[in-house]
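[1] quick check, what structure comes out for this input:
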Amino acid sequence: MDPITVGVGVAAIAYGVFTLVARARKPQMFKKLQPMKDRWGPRAGLAIHIVGYTVVPIVFGVISVFAGLGGKPLF
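    Here you go, the predicted model:
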C-alpha cells in the first residue's frame, strides 16, 4: 500500500464531493461558474464546470485510491 497515493486520492474525492454539495447549496461561491456560463451558455457552462471540478477529481481520486491500495505510487 502506498499511503501518499491513497491520501491524494481521498483528498481528490473529498474535493469533488465538496464541489458537488457546495454547488447545490451556494452556487455563488464559485467565481468561475458564471464566466463559464456566460461564455458557453448556461447548460454547457454548467456541464463543463461539473465535469472539470466534480467528475474529474472524483474519478482521479477513485483511480488513485485503488492504485495506492495496490501498492502503485502516484509519483
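[2] I figured Leu20 hits Thr54, correct?
    Yes - applying Cβ atoms under 8 Å as the test, Leu20 and Thr54 come out as touching, 5.0 Å apart. C-betas here are computed from N, CA, C, even on glycine.
[3] more crowded one of these two?
    Thr54 (19 against 16; other Cβ atoms under 10 Å).
[4] so who does that one touch?
    Gly16, Thr19, Leu20, Arg23 (Cβ atoms under 8 Å, 6 or more residues apart in numbering).
[5] give me the three-state assignment for the residue nearest to Thr5 when sequence neighbours are not counted.
    Closest residue to Thr5 apart from its sequence neighbours, by Cβ to Cβ, 6 or more residues apart in numbering: Gly68 at 3.2 Å. Following DSSP: H, G, I helix; E, B strand; the rest coil, the label given to Gly68 is helix.
[6] burial of Gly68, as a residue count?
    Residues near Gly68, counting by other Cβ under 10 Å, number 21.
[7] also Ile58?
    For Ile58, using other Cβ under 10 Å, the count is 18.
[8] mean confidence for the helix or strand it falls within?
    Using DSSP states H and E, the element containing Ile58 is helix 56-69. Averaged over helix 56-69, pLDDT sits at 97.
[9] quick check: buried residues in that helix?
    Pro57, Ile58, Phe60, Gly61, Ser64, Val65, Ala67, Gly68 (16 or more other Cβ atoms under 10 Å).
[10] nearest to Ile4, of those?
    Ile4 has its nearest neighbour among these in Gly68, at 7.4 Å by Cβ to Cβ.
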